[in-house]
Each structure stands twice: as structure tokens, then as C-alpha cells.
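**Student:** Give me a 3D structure for the following:
(chains A and B)
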Amino acid sequence: MIILVLALAIGVLIGLVTNVAVPQEVLTYLGVAVLAALDSCFGGVRASLEGDFDDRVFLVGFVANTLVAALIVFLGDSIGVPELYLAAVVAFGVRLFNNLGAIRHLALKKVGWE
Amino acid sequence: MRAISRDSFTRLRDESVRRLEASEKAAERQLRQARLRSSLLAAFLLVGFLVVAQWRGAESATLDLESHSDQDLAIIIEELTASNDELREEADRLEAQLTEARVDDAGLQELLNEAARELQGLRILTGLETAYGPGVVLEIEDPEGVLLAQDYSNVVNELRAAGAEAMSVDGNRVRVTSGFASDEDGIHIDGAHIGKDVVVYAIGEPETLEQAVGMPGGLLPTLSAFPGVGVSVTLRDDLEVPAAPDDFFGARSAS
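**Tutor:** Presented below is the predicted three-dimensional model:
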């Protein structure tokens, strides 16, 4: 778990050092995609804690989630409902909180507090 | 013995198979664990990077025009238009100045030379510089003292009218502010007394001056008509008229 936080920190550090700024046109797309990726990550952590983690499933889910998220935003922009990205944000947000809740639950169980 | 050995063989084989399977399983579990770790690590790394990139992008987006409201944009456009106009005006003005300066620069030396020449001339005319040149010397003898201040004024005026550029009366430079006056001691120019034998230097075209002085009704006949007064004119090539002291009171021009 600590190692994952470390990986996140290193990723942040790389971002800070390379100083890459997402162009404004794809800001919304990538934003939702990042949310989806984050959801996948916590889903993976949850799965690993539950013992049914499969790296293939995880990687496919990771890529597919981000792509679908960006696609939903693109679809909303294309059909004149740019607010559609809100649907993706809400969906992934809810999943994120669910996963986080499950992780907390499992982690506490592991430690023996529950 | 034989049966025992076969039995034990079977057991041994089963044992080794079991161990092999166990170690294989362990290896597989380790591999799974490694894959889990590495894929999660990679995913988290990527997410961290993306979050920062996104944050940077969002930060720069707030500085962009698209994030402003229509009213804000209208104000921005108005301000830009105003400052554009101002800048254009300034550019025009500076360009005009530049052209002017270029022209000035070309004519500046000429102007300076001309100004220097003019200044030299003015300094001579105003009596601030010692003047050299050809001219005439007027010697006026008045042993009985019949000549008045205005007679000397007439002398100077006549010479000036004839084109004299620099004059001195008994070594006193005649300036634009010069004046003759008389009191019980006699005649004086600018406070300096002049004797009964007065020598006037006048720089100018010598022949012209001589003609002007000597023509009928001119200085020579007029002064000579006074009792006891004698006047003589001499042409000279190299007169020196001393400079007057620079003692202006301080009148200034409007500029």
C-alpha cells in the first residue's frame, strides 16, 4: 500500500519536473479519463485486497475505462450536450467512493479492527 | 523387500511431485503478486503524472480568454482597442519625430555653422569683440570746445548710416547702447571723457565711408563750418577697434 502511494508521489514528481501542461482542448477529456484511471486504480487495489486481482483484467479495465470516459465526453460535445461529461464524472466519482470505502473496509479487516 | 521398495518409490515419487507442484504454485503466486504490484504501480505512476499535467492545464486555462464571461470579454476588447489606438498614435508621433530628427541631423551642422557665423557678426556689431579691418580714421580738432554731444552723435550716426560696422571714439568702442553726453567738464561717451582732439575709428568700406563723410552737407563740411574746428579723414587698411566691456545689465528676450 505504501509502495502505491510512493508510485503516485513519483508520478506527481515526474509531472512537476517535466512540466507538461495539458492543452485546453483536451482538458475535459483527459480530466474525465484521469478520473476513470483513478477509479480503475482503486478498483485494482480493492481486487488485490479481496484476492481476485487479475492483471489482465486490471490493465484492460484501466485502458477501457479511460477511453470510454473520454469517448463519453466527446459524444456529449458532438451531439451538443457538453454537460454529458457530468454523467461520467458522477458515475466514476460514485465508483471511486465505493472502491475507496471497500478498500477502507478491507484494510481495517486486515488489521483486525473490524 | 521388493514390495516395500516399490511402495517407498511410489511414495517418494508422489512426494516429489507434490513438492514440485507446491513450488510451482508458489512461483505462480509470486509471479501473480509481481504482476499485480507492477501493473498497479504503473497505473498509479501514470495517474499521478496525469493529475499534475491536468492541474497545469487547468491552471493555464484559467488565464485563457475562454474562461471569461461575455461582459469581461467586452471590457477586455474595449481596453485593448483603446490601448491599441494609443499605441498607434504614439507610433505615428514617434515616426514623425524620427523623420524630423533625421532632417534636423542633416541640416544641423549647416545650421550650427550659420549660427556661429551669425553670432560672430552679432558680437562684432554689438561691440563684444575686438574688430579688425579696413576703414577710415576721423580726426576732429576742436580747440575751442564748440562741438556739442549731439555733434558727436551725428558723427557716429553718419558713419553708421554709411555702413560702418565697428567704431571707437578715442579708443572707446561705440555700442548699440552708447551715448554722448556733456557736462561742465566737456563731452563724454559712456562715462569716459573725450578730449578736444578726438580720433574716431570706423571699420567699413573705406571709400564709401570717405564719400559719405565728405559729400556736400555731410559731416566734413558741417563740422568744418564750426569756428576753430578741423576735421581730417584718412583711409586705412588695418584698423583695430577694441571690444567694449561686457557689462550688460540683464535685459532678456521673451523666449
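**Student:** From here on, just use CA atoms for contacts and neighbour counts.
**Tutor:** Will do.
**Student:** Okay, helices next: where are they in chain A?
**Tutor:** With DSSP state H as the criterion, chain A has helices at A:2-18, A:27-50, A:55-78, A:84-111.
**Student:** What are the buried residues along the third one?
**Tutor:** In terms of neighbour count (16 or more other Cα atoms under 10 Å in any protein chain shown), helix A:55-78 has its buried residues at A:55, A:58-59, A:61-67, A:69-74, A:76.
**Student:** what do you get for the first one?
**Tutor:** Along helix A:2-18, the positions that meet the burial threshold by neighbour count (16+ other Cα under 10 Å) are A:4, A:7-16.
**Student:** for stretch A:75-89, same thing?
**Tutor:** Buried residues in stretch A:75-89 (16+ other Cα under 10 Å): A:76, A:84-85, A:88-89.
**Student:** Shouldn't residue B:251 be within a helix?
**Tutor:** No. Assigned with DSSP: H, G, I helix; E, B strand; the rest coil, residue B:251 falls outside any helix and is coil.
**Student:** neighbours of it, just the number please.
**Tutor:** 6 (other Cα atoms under 10 Å in any protein chain shown).
**Student:** ditto for residue A:101
**Tutor:** Neighbours of residue A:101 (other Cα under 10 Å): 14.
**Student:** same question, residue B:181
**Tutor:** 18.
**Student:** Next: residue B:235.
**Tutor:** Per other Cα under 10 Å, the neighbour tally for residue B:235 reads 17.
**Student:** Run through the residues that contact it.
**Tutor:** Contacts for residue B:235 (Cα atoms under 8 Å, 6 or more residues apart in numbering or on different chains) come out as B:134-137, B:206-207, B:210.
**Student:** and which of these is nearest residue B:80?
**Tutor:** Using Cα to Cα, residue B:134 comes nearest to residue B:80 of the contacts of residue B:235, at 72.2 Å.
**Student:** you'd agree residue A:32 is up against residue A:70?
**Tutor:** Yes. At 6.4 Å, residue A:32 counts as touching residue A:70 under the criterion of Cα atoms under 8 Å.
**Student:** Now stretch A:23-40: buried residues?
**Tutor:** Judged by neighbour count using 16+ other Cα under 10 Å, the buried positions of stretch A:23-40 are A:23-24, A:27-40.
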